[in-house]
Structure formats: C-alpha cells, structure tokens
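>>> What follows is a predicted structure for the sequence shown.
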Amino acid sequence: MIMSNWLPLFILMTSFLTGIAIFFLREENHSTRSFLNIFNAVLKIFLVGLLMWGVFNGHVYEFRFPLFLGFDIVLNADSLSLLFVCLSAILWLLTTIYAIGYLKGTSNQSRFFGFFSLCVSATTGIALAGNLFTLLVFYEFLTLTTYPLVVHKGTKEAVKAGRVYLMYTLLGGAVLFFAMVWLSSLAGPADFTERGILSSVATEYHPQIIIIFFLLILGFGVKAALVPLHGWLPKAMVAPAPVSALLHAVAVVKAGAFGIIRVVYDLYGIEFCQQLKILQGLAIMAAITIIYGSIRALFQDDLKRRLAYSTVSQVSYIILGVAAIGPIATIGGIVHLVHQGIMKITLFFCAGNLAEGMNISRISEMNGVGRHMPWTMGAFTIAALGMIGVPPMAGFISKWYLGMGALQSSQLWIVLVLLLSSLLNAAYFLPIIYAAWFKDSKEVSFQGLTTKWTQNRRYLLYPPLVTAGLTLLMGIFAGLPFSPLGWVKLITLREYGH
Amino acid sequence: MNINIFDLLLAPTLIFLAWQMLRARDLLVSIVLFIIFGVLVSLAWVQLQAPDIALVEAVIGSALTGALFLGCLGHMESHRKKIVIEKIKISKGSKVYDCFLSVLVISMGSILSWSVLTLPKNVLGLTDKIQSALAKSGVENPVTAVILNFRGYDTLLEMGVLFLVVVSVYALHAIEPVSIKIQPRQASRVLIAFLHILTPLMILVAFYLLLVGGHAPGGAFQAGAMLAGVGILMLVGGVAFSFNVERWVLRFIYVIGFGSFLLIGLGVMGGERNFLEYPEYLSKKLIFLIEFLATISISFILVTLFAGCSGFLNYGKSNSGTVRGVSA
Amino acid sequence: MSTAILYSITGIIIFTVGLRGLVIYTHFLRKVLAINVMGTGIFMFLIALANRNSNGMPDPIPHAMVLTGIVVAVSATAFILALVVRLHAATGHTSFEAIHNDDRGAKL
Amino acid sequence: MIFLLSNKLFWLILVFAPLLVACAFLVPRWRPGLTLLAPWMALPAFLMAVFVKSGSSIRIPWLLLDAQFGMDATAKVFLFFTALIWLIAGVYAVFYLSDKDKKSRFFVYYLFAMCGNIGLILAQDVISFYFFFALMSFASYGLVVHSKTKSAHHAGKVYICLVILGEAFIFSSLVMAVHLTGNIYLSHLPASIVGSPMRDIIIGLALLGFGIKAGALPFHVWLPLAHPVAPTPASAILSGSMINAGLLGWLRILPLGESAFPQWGILVIGLGLLAAFYGVFVGLTQSNAKTVLAYSSISQMGMMTIIVGLGLLVPDLWPGCWAVLMVYAAHHALAKGALFLSVGTAATKISVPLLRYLRNFGLLLPALAIIGAPFTSGALAKGSLKYVMSSVSYHYQWAYLVKWLISGAAIGTTFIMARFLWLVWPKKIEKEKEVSVKLGVYLSWGLMLGMVGLLPVLTQVQEFIKLPGKETFTFLKWSALWPLVVGGVITWVALTRRWKNSFCIPEGDVLTVYTRVLTLCQSAILVFVRFINERKEELSTSLIELRHRITSQSKHIDHFAQNFGSWKVFGVMFLTLFITFFLLLPFN
Amino acid sequence: MTQIIASHASVWTIMLPFLSGVLCFMAGRRIGTLIGVVTAFILTILTLNLGVSVFQSGPSRYAIGGWSSPLGIDIHLDGLSVLMLGFTAIVGTCISMYAFGYFKDRKGLKKEKNKHYAKMGTYFWPLWFFAWGGLNVLFLSSDIFNIYVALEIVSFSAIALVALKGSVDALLSATRYFFLTLLGSLVYLFGVGFLYSAYGVLDLGLLETVIRPGMISTVAITLMTLGLIIKTALFPIHFWLPPAHANAPAPVSAILSGLVVMGSFYLLVRLWFETFTGVIMPVAGQLLGVLGAIAILGGALQALRQSRLKMMLAYSTVAQIGYMFLLFPLLAGNSIGQGFAWGGGIYFSISHACAKAAAFMVAGSIMYALGHDRIKDFRGLAQRFPIGVFAFALAGMSLMGLPPSGGFIGKWMLLKAAMLTGQWWYALLIVAGSILAACYIFRVLEITLKAANPGEKALHIPLRMQLSSLAMSFFAILLGLAATIPLEILKIDSPVFFQSMEGFIK
C-alpha cells in the first residue's frame, strides 16, 4: 500500500525523466530518442491503467510531499484526475509518434522532445494535483515548458507568438498566484475535496471569497482561452503541428478548463457556488466565448487559425457545462474535456499532414485534397462532424448532455447558445469538408505529395486515424461503463453525492 | 572631567581646520592642513586620556596618511601632462544647492548633538570588568589587553584587513608581488644625511614602542608605523633601497603578521580551550610574539601601500599610464 | 558641560563637515580627505564618550575600537588612493564628473 | 426464423450491415462486387417489415446512450415502403449509372443514407433516432451533389444548410422532450410533452425541424433544387423515402392524439393547404420534369401535413387519421418513386411497339395514382382523407371548406401531373438524343410500378391499418374520378389552345429572399468583426509603443536615472532619508 | 539564549577561508586554484555539518578567547546564521568551480589576453576567500563592532574583485563603490558608537535586553540602518551597484550579487528583528517598504532598458533587493503575518543569491564564448549553448518567482504576509514585479531561441563552467522543492512567531 502511494509520482516521472534524459541525447541520436519517447509513453499508459484499476477497486492513491509551512505537493488520483491523466497519456503516445514523423530531418529535436515530455508531465501534474497549490505549480511549469515549443521554429513570427503567449499566460499565472495566496490566507492550504471545502469560511469573508473566485477564473481563463483572454491561442498557431495538437487538445487549454472544474467542484463546491450565486457570470462568459470564437473562426482562411478559434469556442463548452449547475450539465462539460481533446487533436494532426504532404495551409487551397489524401481527410471529416455535434461522433454526446443539463437547471438560453454555436460550427467546418471532397482542384495543378510525406506516412497517418476512430467509438459506445461518458458519470455521482 | 580653556580652544580649531582643509584652493595646502589637523587631534586624544590613540593618530592617522596623500598627489601631478585647474566649487547656480545641503547637514548634526545630550552622564561601560580580568590577560595596559586578548578577534581581523589591502593593491596593479624598485632619482644629500641619523633612531623607537606596549601606550601598530615611516622616507628620498628578496620571502613577510596570529589562535584551540584563548602561562609570550611578527608585517605592508599609491609600484613594462587589461 | 560632551559634539560637527565635503567636492583626493575627516569625527565621538567615568579611568573598549578603526581607515585610504592613481593614469582625470563629461555618450 | 428475429445480433446486422458494406468500399478491389451487393442490403429490412410483428423490441445498453430498436405499427408501414424504394432504386441505379468510379461513390452514400433511413424507422430511442436521421441527411448530400455540376453544388449547399438548421431544431426539441420525459424512449415522449409549459416550444421546434425534411413551407426550397440535379434513382429515394422521414419525425414526437392543440392544429392544417396549392402553382411554371415532381411532392406533403394537423386539432380522431396517413404516405412514396424512376425510362428508344405501349402505360400509372384516380392507391388515400375531413366537420364547421379545398388541390395535382407527363412524354425525338437503357432499369422500374399497382390490394390485406369509413367507400369508387376529369379537360383545352406559361418562377422560389437575409447577417457580423479587429489593433499598437518607450534610449529617462548617480542627489537623498527615518522612529 | 560551548567547527568555518586565502596568496595561481576549490568543498561539508549540529542540538554560543560577552566576542549559532552560512558555502562552492574554469587559459584567445586572465586568476582566489571569510564572520558574529570589521573585509575584497579587470569601467565602478561603501561603514560605525555610549555593550543579544526606546536608540538605529541600506543598495542609493556588478568578471559578479548583498541584508534583518524589536515602530518599516517598492518597479524597468546582459542582471538585483525590503513593512500586524514576512524575506534573499549567481555565471559563460554580452546578438544561443541557456532559464524562473523555485516560495510567503496583514497593495506590487521580471528574463530567452546567424565564431566553454552554473540554477529550483529543510532551520531560535504552519484566518 505504501508503495502504491508512489504510483502517481511514477506516472509523473515517466514523462519528466524522459524529458530530462532526452535533453542530454545528441541531436543525431534519433533511434534512441524515439525509443525513449515511445517506450515511456507506453509505460505511462500502462501505469495509468494500473492506477485506474486500483481506483476502480476503491484504492486511494495519495502522494504527499511537504513543501513548506503546511503547503504540500499532493498528487492525488481521484476519478476526475484519472480521466485527464488517461487522456493525456494516450494522446501523448499518439502525438509523440506523430511528432517523430513530423520533425524528421529538422534541427533541435532533442530540445523539442525534451520539452515535449516535460510539457506532458506538467499536464499530468495538473491532472493529479491534489490541491490548489500543486495545481498552480504545475500550471506555471506548463507555461514554461510549452514556451520553447511554441517558439521552436525560431522565426520572427514564432518568437512574436511566443511573446504573446507568455504575456497572456504569465499574467494569468500572476493573477492566479495572487488569488491563491489570498485564498490560502483565508482558508489555509486547501486540498481538493469532493463537494468543496470553502463553505466553512465565515460569512463575513464571503465577498472576498467571491472576488477570489473570479480571480481564479481569470487566471485559469487565460489558458482556457475565455474571451477576451484568448488572444494568444490563434497566434500560437505558428508552432509545429504536433505542438498545436498538444496545446489545443490536452495540455494548455485543457489545463485551464480543468482548473476551472477543480475550482468549482472541488474547491468551492457546487452547492457553495450556488449559494454565492457566482456561476451565472461564468456561464455568461463561457457563452460569449462560444459564440465569439465561432464567429471569428468563420472568417479565417488559414486552416490552423480557424481550428484555433474553434478551440476557443469549444473549450468553453466545458466551462459552460460546469457553470450550468446540475449533474447532467456537469457530465456534459467534463466529458467534453475528453471528447474535444480527441477530436481537436485529430483535426490538428490532419492540418499538419496537409501542410506536410501538400504544403497546404489555407482553406482556399484545399479544393479536392480529399482525392489525394483520402485517409487524412477522412479522419478530418469525422472529427469535424464530431465538432459540429453530429451523432454518433463523440461531440454529440457532450452536446446532448449539455443541452439536457441546461434544461435541468432551467436555463433555456444555454440551449439557444448551443444551437447557435452548432450552426456556426457547421458553418465553418462544412466548407472545409466540402472543399476537400466535393470541389475540383482543376485550377491548381497537383504536383504530387512531398517526399517527406511519402517517407513518413506511417508516423503521420496512424495517429489521426486512431483518434478519429476513437471519436467514433467514444460516441457509439458511450453507453459502456468504461467509456469516457461512463467514467464521467461516476465522477459526477461523486461530486453531487446522489 | 572638567573642561579647561585648552579644550575650549582646541575644539573650534579642529572644526575650523577640517572646514578649511576641505575647501582650500590648493590640494597641497589641504593635505598639509590634514597633517596639522591630525597632530591637533592627537592632542585632543591626550586631553581625553587616550595616549595610545594619540600615538597611533600621530604616527598613522596624521603622518602616514598624510604621506599617502602627498605621495599620491605628487604622483598624479608628475603624470599630468597639462595641469588642469581643479574646480573646487561645483558649477554655477549651485549656491542654492549648497545652502540646501548645508541645512540638511546642519539638521543632521543637530539631531546627533541633541541626542548626545540625552546620554547618561555616567556610564561605567566595561571598565570594571576589564580591570578585574586584566590580571589574566598577560599584559598590564588595558588597551593592549583589549586589543590583543579580550577583543583579539577584532585585531586579528584588522590584521586581515591590512593583509587584504596589500593583496588588493597588488591586484589593482595586476602585478605579482615583486620587489619595490626605485626609479633613479636625484636624492638630496641633506635627506640622506638626515636618514643616516634617523633610521637607527626610529628603529630603536619602534622597538621601544613594541616592548612597552605591554604596560604602557605603544604596540605593534605604532611600532610598525614607525618602521614604515623609515621606509617611506627612504623611498621618497630616493635612497637606493629595494626589497631584494625572493618573491616568496616577500610574500611571507606580508603574511607573517596575520598568519602567525591566526595560527597561534588556532593552535591554542583544542579541548576546552577556545579559539584565541591563550593559556595563562603563555599569554604574555604569545602576545609578544604576535606583536613582534605583526610589527614586521605591518611595516612592510605600510611601505607597500605607500608605494602603491605614489607610483612606486611598477605596473607593467611602460609607465606611460596606459591601462592594461581588457577594456570593456 | 564636560569634556566628554564638548569633544563628542565636536566630533559630530567634524563628521558633518566631512559629510558635506564628501558630497560637494569633486576631486577624488578631497573626497578621500573628507572620508578621513568623517572617520576622525566618529573616533573623537567615541573617545570623548569613553571618558565619562566617575572614577577617572577611561573605558578602554572604545579605545581599542578606535585603534582598529584608525588602522582600517588608513588601509582604506591606501586602497582608494591606489585606485585613484590607476584611474588617473587611465583617464587623466581626477573626479567622477570629469571622467563622465569626457566620456559622454560612452556607457559607464 | 423466429430465433433469428429474436436475436439481437440479427437486428444489429440488419441496421448496420450497410455501414459495413460502405466501409468495405475502401478497398478498391472489392468495389465492383460491392456495387452489385449494395442494393440488396435493403432486402432484409423489407423482409423484416413483412415478417416481424409489431411490438417486438430490443435494447442494447452499451450502444450510444442505451439504444433501443423495435417494430411498431408506424415503423412497419414506413419500413415497408422505405425498404422497398431503396431496394428498387438501388437495383435501378446499378444499371442506370454508367461511370464506375461514380457508381461506387454513389453507392457509398447510398448505403450510408439507407442505413440512416432504416435505422431511424426502427429506432425507439431518441439518440439513435437522431443519429440515424443525421446519418441519412448528411449522407444524402453525397447523392445530391453526385453529378458535381455547378447547379448540383448549389443545390447541395442549400440542402446542407437546411439540414443543419433542421438538425439544430430537432436537437433542441428532442433535448427538451427528453428532459421532460426523463428517459429517452420515443414512445414516452408525446405523452409527457402534453402537460409541460415547454410543450409549445417543443412542438414548434419539432414542426420546424422535421418540416424541413418533409418539405413543408417555408423550408421546401431544397426540394426543387436537389431533385433535378440528383441522379434519377437518388431523386426517387429522396422524394420517395427520405421526405417521409420528416413525417415520421412528427409522428414520433408530436403529441398526436394525446390532447387537443387547436391553435397548432389550425396552423398546421393551414400550412398544409397552402403547401398543397403553392406546390401546384409553382410546379406548373417549371420546365424540368424532376422539378415539377419535386413541387408535386411539396404539394402532396402538404396533404399529409393536413392530416397531422388534424391529429393535433381533434385527438379523438387520431387513430383514423393515423391510418389515413399511413396509407397516404405509402402511396405517395411508391408512386412518387415510380414517377422519378420513369424520368430515366421515358426518353428511351424502344423498338417493340407493345413494349412501348407498356412503357407509356407505366408512365401514366403512377401519375394517375398521385391524382387519385379510381383503382389506384391514390383514390384510397384521398377518399379516406375526405372521409376524415367530414368527421372533423362535426367539430369544426370549416372543415367542409377544407374538404373542398382538398378536392381543388386534387385538380391541381391533375394539372401538375399533366405538366409532368407533357414534359417527359416520349415525342418524336431525334435519333442521337435517344438513350438506350439496360434491361435492369426497366425491370426495376416495372417492379416499382407493380408495387404501386398492388398497394391498394395490399392495404386491404394488411389488417392492422384500419382505414376509417372503409365501408362507405372503396378505391373503386367512381366519384373519385371527377377531379381527374375536370383537370384533364382543362389540361386538354390548354394543350390544344397552346397556352404558354409566360413566366417561370426560378427553382427554389423563396430561396432568394433567404439568401438576401443571410448576406445581410454576414455583413453585419463582418462589421462587428472589423470593429473588434480595429480595437485589438489599437490596443496592440499602444502596447508596442509602450514597450518601445520603455526600452528605447530615451534621454529623459537616462538623465533621470543618472541623476541618482550624481553626488548632489545622493547627498540630499542620504540626508533626507536620515531625517525621515529619525522622525519616523520614537523619540523617547 | 542557550549557553552551550559549541564545538570548534564554527571557528573553522570562519578561519578556514582566511587560512586558504593566505595560502592561495603564497602559492600563486596554479596551486592556489587547487587550494581554492578544495577549500570550497571542505567548507561546504563543514557548514553542512554545523547545520546538522544546530538542527539537532539547537542554538549555541562560542566565546572567542574564552572571554564571553560583554568582555569578549561571541560567536552565535542559530537557525538564521547557519542558514546564511550554508548558502554562502553552497553558492561559494559553485562559484569556485566556475572560477576554476573561468581563469584557465582560453583556447583560441591571444596570448596577451590569456595572460591578463592568468593575473586575474592569481588574485581572485585570495580576495574571494577573504570575502567569504568576511561573510562568515558577519553571519556568526554577535558583536556589532566585530561585524563592522567584517563588513569592511567584505567590502574591501569585493571592491578589489571589481577592480580586478583593470578596465576604466571596472576601476570607475570600483571607486564609486568604494566611496559609497566606506560611507556606509562609517555611518554604521557611528551608530555602533551611539549604542555603546548609551548601553555599554556591543553584544547583539545583550543589547536586546538593555535597549530602551529613546533618542539615542532612534539615532543609532537610523544610522546603522542607513549605513546598511547603502551597502545593500536599496533605492535611492542603488546607483553604485549596477556598474560595479556588471563590469566585474563573471565569478565576481556572482559573488557580489549573490552573496555580498545578502550579507548586509542579513545584518539589517538581524538588527531589526532581534536587537531592535522593542524600539522599532512599524511606520519606519513602511518607509523601507516604499523604497523597496520603488526599487522593484524602477529596477525592473531599468533592467528592461539595458542592452547588455550583465547590466540587465545587475538592475534586476536592484529590483530583487526591493523585494527583500518588503519584509520590513510586513513586520507590522499579527504574529502569523510576521512569521511569513520574516521567513519570506530571508528565503527570498537566499534564493536570489542562488539564482542571481547562476544567472551571472551564465552571462559570464556567454561573454567567454562570444566575447560580448549584447543581448540583441544572442541569436541561436539556445542551440549552440543549450546548457547555459537552460541554466539561465532555471535561474530566471526563480527570479520571476515561478514555481517550483526558491523565488516562488519567497514571494509566496511575502505575498501571504501582505494578505494576512491586510496590506494588499504590497501583494499587488509583488505580482507586478514578477511580471516585469518575466519581461526582462524572457526578453533574453526569446532571442536565444531565434535561429542562429550562420558563421558566427565562438570559443568553446569549459564544461566545468557550464556544469557549475547549471548546478547553481538547479539549486535555485531545488530551493522551491525542498523548502522544508531551510525553513525548519530558520525556525531554530527564530525571533518572530514562526510556528503557525497553516497561517490563515478561519
């Protein structure tokens, strides 16, 4: 049992140590690096599986490391964190495979993969964080590890994007820092507990607690790209495709969203939130983000930028689900964390493939690409339809629960937002699919796929296919107990206690 | 102690001298005034029943420091190609500033003086304790006891400071510790004759001071400064004299004062005995040994310091004043 | 008024005179002189107040302190003068202002 | 057989087999074989419609969110004609389409859409219903744009836009309905909607959402665009089976027969009537045979809408109305399917005169059925509709008027059919324009015609459809002839007098209005976006300026900073600090 | 206070640096370097040992010469002093390792220049060990006059180290530094004089018991604080620091910014929180706080404006010193807040020592390789010099106060103290300062990540230098991970209420 408490740490360390080890590898040492990467990713999945099995059987895993004055680094495996860990572990493996293919023949690979692994361990840390403090630690760590990835190309544009990214995230981190210290001076080092811990704070401090709540939201909102804190996300698109994939699907935006989930459920507690009447504001913010992001996405011609704005919009579904009080909305929100991750990563893989295989980065150049890269575009189509919320793709499941949840808390306007957003989603995704499959590319002469693509096809193609498959399976088999939905239902049961 | 007319005259004179010294138009005048100021200050020490300090002030504070200034000024002027008239006062329109600053300074002075008036009239300090512990210290002069025994640690560090400064001066000139060479210079015959008489006398005085330090005003610093004075005079006088010794010997001489003190301090340590805790039966001898070695070190160090700030330390091949080293 | 008070206040005044000199005079040597004057002021303050005993015996501790202080002061003077000499040799100037004016534009 | 039917796996295979086959198309080698196999994937469904008793159902908890499939009376009828149409159209397509590549593409979409269509009929829970509905809608986009012409793309665009809009409406109405019900079983929905304050929203959204698919006004615009551009078998499917999916949606969700909703009832009836006439009116002005058929479908769907309206208006009559609706839907689906298929066979060269006459009769038969001529399924459907209207008139006087209006619409139907026949009737065409068609095309068409002909008989046999007032009329009733006669006469006059339609309403009539509105919205959003962009630009410019100001070599800042380094300032600072500190500390 | 005669280990920690300083001087460059490195390691072991003994047996005193205070001079060992000693040793060891590589002959450099480095190397070691020894004296001494001498030793050796380079810039900054620091020492000494005249004791512990509020105490505190402010370079008397730190050779910059600053700050904290507790009014702390606040913002803004890396780091030191001084206003308020302020300020100073030393080492390595430290010409450094840039980034993390780093813990505690004492404006300031710090740190990092200019020549940096800077920066991070140990040590005989673990109002 004592050994097993170290399991969360082991999971964290698999990617952390890999990252460190990779830094010391020579640039030319491709095979060792790839082996290390993949071996550890698989190991991580194995360990996560072990953890999952344990948690399912009622074991409690808690790794506690006293840092200072009562503030501990706590790694805690509860069902919510497992969901996120599992997502990151699986997507790490896929993204690593993809990145190996994607970066073949470029320089600075050791640096890239080093930070890549560190970034994943930061995400794992965020997922496993057992208190706000630990969450903050890994949240900042994430900022730092993703920055080199964003500026990896070293171009002027990349550096500029990195600057914007930092400006936003560090400001967010600072706000978070401030809010957390404030909170800790009111309530001490707050471990996450089911249904929150702050309700015991005396009533006279409630105004402060409310301000802290919004500061926390502000801090996490930067990474979750809540409007108007989203500015970095479209800019960060200059990063290499696997980075964008990771940024959008697992690491950064999800970290923000996950933080908000933690704050609402496990720090404040949903009932306390209701009592303070603070979720309405959050819901409105999320709704604005959803609509605004979609509208902006409509007008982007650059594929990755469009996807980025789509992320802005989609991630707020999670927040909306959290803010629309009620177990069903919660299910919708949290399950979207997984679903959006899988779908968005597929889309970015595909965007990367287009760029690599045919040097296409704009939608206006995509006419008829489905003919040349059918598998890639097939995966893209599945994921895009999922984003729109077409059944049986995973996206539908989340939307369904969100809608139901909104009704449960009698907030009809949320359904309206969902409706409008679905329409907008369709409006910016369908033209892409249309262009790829149904338009002829007669005006552009097709010069054949790049040699890089043909050489690395295996690495670049399988990951999106797998994720696209997952998108489908997660929707079709949503009823299974081990599907994300099933797992999320378990979490929700715990949070609401009935 | 009651005040007498001499004090009443001396105190304003000192203030006036300090004032005039700083504002004198000619720097040479300033330095001369500084030396006079030092001599008068040592008179004040005597008035204040501090003969040890008076001696040190006269030898080190006044004479040696004055020599340092003179040497420095002389060196700078000899190197100056065209003489730039030093502006004593700062630029125009600064009268207002000067007044403002003076007001601030005066208020600081008044605050300090006012607080002095609130001091208790009669404070024993540690006099009694020192008197009672004096017997165990190995010396009779309370000041020497404090310096070398009760607060020997301070003195050890002070020796360290001296050593540190000599290392620093060498470092500053970026040269290895080498023998001090004298540039060929026309020595005045009078000076040489004077030195012939003075040198043995001063060495004698120095030894006397060293020996007497145990029970009367005197000690290593005074003695060392005396010896250094001889060296400085020889340097200034251009008397053929150089430390024609091996480098390591020179280094050894620099080190010996501080090093022996340190080693003795560490050597007596052990068991119940603390650092610098001399065994009672040995304390007198040990203190004398320390003082003796310190005197030698101090004298060499002081001469070197003088040499360092008056251009006798030769840095590099050229004397033209170009800076060696990496310019930024 | 006792000698102690007289000399201690004299010391304070000498200190302030030195302080003023340190600020307004530009020549390095004057600044060093000023520092020395300030030090002497402080020493005088210490020694004067050591002399307040009713039994007529002065307190030897301040004496020791001043002795140390004088040695430190002379060391400091020697060191700073050596610095000044080098600086003068390198630049030909004898004050911060002069060096600064000479090198206006260069980063110092 | 019984074992098979009670086996979950069999159901699953039935519903999902088309999907698997469609996926198998990924392997190029298998494509030719799969193309032949594809149409037969509808056969099991057809057999099921015939053999499986209504009331049997199966739950698959791990699929979607607890999926449930089953057979009820409505499903049985719908499955019957839907599967039949898919089957026949599929076979037709195998022979009709020539290009190999295009054919396999066609069948991929065909299979997906078919799967959706069959699935949605069998689905008994909201989620799978919605899933299959969406699958059908999206897959048929491929059928619409099959020819890849400009007009096909345009039609496809309009179609997909409306699909999305429809999906959104359906989604929200379903969500609300499920929220009220507490579970996702379709059979529970209508009853639970009745008492809720949200029912009007739900009913409205459902009407809108499924109305789009059913071609109800004012969302009918996609029909006349999509039908002409789609390949003939696809048009048959679209108009024959897929439109009815919308109808099925209404039946599944609306609280028909549960409680009276007079306002909704009147509204729906009104819209239905309007559609019946509007379709005829616009259809007459069209010059493309398929467009004409499309407008006819709009008109006919209007008729069926009226019946749905009756269900909302007079719940007591619903069982009768339901039977009428079933018959009407089956009749219209088969007949319209046959009509569309005949477009492909009309303009062909047949050398044997007997066969030519047969073919010409074949062209005529479904048209007559649509008109409601005696001996046809149409007569049965319209007759019972009128009967129902009469019983409604006990409750509402104005139902008489409606009854007569329906007759008027029947006359209009005659016109439009005449118009269609006139457009496709084999004329003496030049030789090079003659197209030779494979035998299979004829055979499948013939099969369809046969089903049209057999339908009235089948209706009589199938005992679970109890048409109201069956004893008062038969489909042999001659009185049903009069609209045909009146219409026929007028048409004959028109033809002989050579009336020319002087104006032509563009396909998709009100579409231009929608486009206008959308363009306006778009420009409004653009203005908004531009505004935001400008503000952002300003902000970033000022930030950059600030950064520049901080980092640039400004003399002022340098000077200011250097002042701290000057002894003058230092002196003042030092002394001021001393005095301030002193003042801040206690004196005694 | 416990009067246990400690073992002589504390004496050895003080005297060993002096001893080896002397030996280095005697031995010359080659052997001196070896002596230096070995001594550094021995010292680290010694101090760690000392730390363990204090941890186990609590605070102790050691009477030098057998004459305990008030007659003699005592060495006192408590949590704070041991902590300072320990960190000086750790930072010092890393710096020594670094200097070991720095003053070696450089391949690819002209003979003339190598000779220059050799000379610098000769004097670096004795001077550095005297500075180290002086610091150790300062940390352990409990006698205010003895501390004066220690301060002088530290200052003189620091100045000599600054001037070591011999360039006009170096000489000028050394001279300015000298005047200021000398003034600071004198003012401090004046304060000592006042205290002795009034109370007749020099021992810190005894003074604490006899000191009374009054004119004399006020003047003494003012003078001593002012003197130490000059030495610590708090705004507005910070101007001497940037040129001095920037123009010195890299190991020296590390020593100055890391350790020397920490020394005088330590003394100030000790005086305010132990000796003068009964006399000081919170409002006086506010003045220091305001000055600190201005330093944080002004220093950071100036750092942003610098075009040279070392200059930037030096201004960053000015800003970070401002942070340290925030502990004084936060002293006011409830006891929980006091504990956090005290712990936070000290923790901040030690983590700053580690981080800034690391940063300066990296800056020195870059200068070593490129021959300059112009930030705008750092393109591609991350690729060519990954260890260094990585070390810089880690150090930067601590300077920015990002978790997990020592700076973060320090800031967290200060921030918490601000919140607990209700002075939220300081909390905002701390956060704002962090952001500014991030601005100047990332300004450098982002350029290093840019694609390199082809064909630029650079010297190969010895691994020793790279690794020691890396180790130093790791240590800055480690301080954030293993904060319990230093904080537990800090608790030993801490002057403020420092026991409340959780520290919150509920």
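Cool, got the structure.

>>> Distance of residue A:169 relative to chain E?
For residue A:169, the distance to chain E equals 10 Å [CB to the nearest CB, to the nearest Å]. The C-beta positions use only the backbone N, C-alpha and C, and glycine is treated the same way.

>>> can you count the residues close to that residue?
27 (other CB atoms under 10 Å in any protein chain shown).

>>> again, but for the one 5 residues further on
Burial measure for residue A:174: 24 neighbouring residues, criterion other CB under 10 Å.

>>> Isn't it up against residue E:435?
Yes. Using CB atoms under 8 Å, residue A:174 is in contact with residue E:435, at 5.4 Å.

>>> Quick check on residue C:58: phi, psi?
Note on residue C:58: its backbone torsions stand at phi -70, psi 150 [degrees, to the nearest 10].

>>> for the host helix or strand of residue A:487, what is the average pLDDT?
Per DSSP states H and E: residue A:487 is located in helix A:484-496. Averaging pLDDT along helix A:484-496 yields 81.

>>> by contact count, what packs against that helix?
Secondary-structure packing of helix A:484-496 (3 or more CB pairs under 8 Å, 6 or more residues apart in numbering or on different chains; DSSP states H and E): helix A:79-102, helix A:327-358, helix A:394-408.

>>> Show residues contacting it.
Residues outside helix A:484-496 that contact it (CB atoms under 8 Å, 6 or more residues apart in numbering or on different chains) are A:78-80, A:82-83, A:194-195, A:265-266, A:270, A:327, A:330-331, A:334-335, A:338-339, A:394, A:397, A:401, A:474, A:478-480, D:65.

>>> Name the SS class of residue 229, please.
The chain I'm using is chain A. Per DSSP: H, G, I helix; E, B strand; the rest coil, the secondary structure class of residue A:229 is coil.

>>> actually it's chain E I care about, not the one you picked
Looking at residue E:229 with three-state DSSP, the answer is helix.

>>> what about it, neighbour count?
26.

>>> now do residue E:275
The number of residues packed near residue E:275 is 26, by other CB under 10 Å.

>>> Let me see the confidence value for it.
Confidence score, pLDDT, at residue E:275: 86.

>>> check contacts around residue E:396.
Residue E:396 neighbours (CB under 8 Å, 6+ apart): E:355, E:359, E:437, E:441-442, E:444-445.

>>> I misspoke; the intended subject was residue E:40.
E:89, E:92-93, E:96-97 are the contacts of residue E:40 under CB under 8 Å, 6+ apart.

>>> roughly how far apart are it and residue E:257?
Distance of residue E:40 to residue E:257, computed by CB to CB, to the nearest Å: 18 Å.

>>> Looking at the contacts of residue E:396, which one is closest to chain A?
Nearest to chain A, judged by CB to the nearest CB, of the contacts of residue E:396 is residue E:442 at 5.6 Å.

>>> how many neighbours does that closest one have?
21.

>>> That one and chain D, how far apart?
Residue E:442 is 12 Å from chain D, by CB to the nearest CB.

>>> Pretty sure that residue sits in a helix.
Yes. Assessed with three-state DSSP, residue E:442 lies in a helix.

>>> what about stretch E:193-203 and chain B, any contact?
Yes. Using CB under 8 Å from any CB of the partner chain, we find that stretch E:193-203 touches chain B at E:194, E:196-198, E:200-201.

>>> Columns neighbour count on top of these, output as TSV?
Below are the residues of stretch E:193-203 next to chain B laid out as TSV (neighbours: other CB atoms under 10 Å in any protein chain shown):
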residue	neighbour count
E:194	28
E:196	25
E:197	26
E:198	25
E:200	20
E:201	22
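
>>> and the residue in the stretch 201-350 of chain D positioned nearest to chain A, what does it touch?
Using CB to the nearest CB, the single residue of the stretch 201-350 of chain D nearest to chain A is residue D:201, 8.0 Å away. By CB under 8 Å, 6+ apart, the contact list for residue D:201 reads A:412, D:173, D:176.

>>> and if you look at residue A:320?
A:283, A:286-287, A:290, A:329, A:333, A:402, A:414, A:417.

>>> from those residues, which is closest to residue A:25?
Residue A:25 lies nearest to residue A:333 out of the contacts of residue A:320, by CB to CB, at 40.3 Å.

>>> Tell me how many other residues surround that closest one.
30.

>>> cool, residue A:470 as well?
24.

>>> For the residue of chain C found nearest chain D, what is the enclosing helix or strand?
Using CB to the nearest CB, the single residue of chain C nearest to chain D is residue C:23, 3.3 Å away. Secondary structure from DSSP H and E places residue C:23 in helix C:3-24.

>>> And the next helix or strand past that helix?
Following helix C:3-24 toward the C-terminus (DSSP H and E): helix C:28-50.

>>> Against which helices or strands is that next one packed?
helix B:5-23, helix B:27-47, helix B:65-79, helix C:3-24, helix C:60-91, helix E:168-199.

>>> wait, what's in contact with the closest residue to chain E within the stretch 101-250 of chain D?
Closest approach between the stretch 101-250 of chain D and chain E, counting by CB to the nearest CB: residue D:179, at 40.6 Å. Contact analysis of residue D:179 by CB under 8 Å, 6+ apart lists A:404, A:407-408.

>>> what do you get for residue D:332?
Contacts of residue D:332 by CB under 8 Å, 6+ apart are D:244, D:297, D:300-301, D:304, D:370, D:381.

>>> pLDDT weak spots in chain C?
C:1, C:54-55, C:102-108 (pLDDT under 70).

>>> Give me the distance between residue A:227 and residue D:269.
For residue A:227, the distance to residue D:269 - CB to CB - is 46 Å.

>>> More neighbours: these two, which one.
residue D:269 (26 against 21).

>>> Is that one in a helix, a strand, or coil?
Per three-state DSSP, residue D:269 ends up helix.

>>> That one against residue D:321, yeah?
No. The pair residue D:269 / residue D:321 is not scored as a contact, 11.5 Å apart, by CB under 8 Å.
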